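A.B. asks: Sequence plus predicted model, see below.
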Amino acid sequence: MSVSTCFPLNRTLFSGTQFDSWLTIFDKCLQPRIMHTVIVYMCSFHLPVSLKAHRQATETELSRLSQDRRSVQTELENLQTHYDALLGRRAAAAKELSEQPIQLPSSKTDLELLALRMYEENLSLR
C-alpha cells in the first residue's frame, strides 16, 4: 500500500519532484508514527510562507476596509449635517406659519371671493 493512498496530500504545496521524493521516502517507512512525523515536518516548510501570505492579504484587506469605513463615515456626517439643516429650516417655517394669524372671511360673499381667488391662483400655478 502506497502512502499517497493512505495520506492524500495537497500537491499544490510542493513542487512535483519534491513531492514525489517525499512520497518515495514515505513508501519506504510505512510505520504510521514515522509517516505522521514526516508529514508534519514536510508541511512545516510551507506553513510559515502560507501564513505570512495570508496575514499580508488579511492586513491589506483590513486597511482597505478601514479606508472604506472612513469614507462612509464622512458621507454619513455630511448627510447628517444636511438632514439637520433641513430640519432646522422646516422648524423655522413651521414656527413662522404658526405665528401668522388666520383671517377667516366674515360673510358668505367674502368666503366666495376668497375661494374664487384661491381657485384662480391654483390654475395659474399649473
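C.D. replies: Cool, got the structure. Numbering: from 1, shown residues only.
A.B. asks: CA only for contacts and neighbour counts going forward, please
C.D. replies: OK.
A.B. asks: Okay, strands next: where are they in this structure?
C.D. replies: In the chain, no strands are defined using DSSP state E.
A.B. asks: which residues of it score low on pLDDT?
C.D. replies: 1-49 (pLDDT under 70).
A.B. asks: In it, what residue spans correspond to helices?
C.D. replies: Along the chain, the segments classed as helices by DSSP state H run 3-6, 16-28, 32-99, 108-125.
A.B. asks: Please tell me how far Ser71 sits from Glu77.
C.D. replies: 10 Å (Cα to Cα, to the nearest Å).
A.B. asks: Let me see the backbone angles for Gln100.
C.D. replies: The phi/psi pair for Gln100 (degrees, to the nearest 10) reads phi -80, psi 140.
A.B. asks: Just give me the neighbour total for it.
C.D. replies: 8 (other Cα atoms under 10 Å).
A.B. asks: Repeat that for Thr74.
C.D. replies: By other Cα under 10 Å, the residues close to Thr74 number 12.
A.B. asks: Likewise for Leu113?
C.D. replies: Residues near Leu113, counting by other Cα under 10 Å, number 13.
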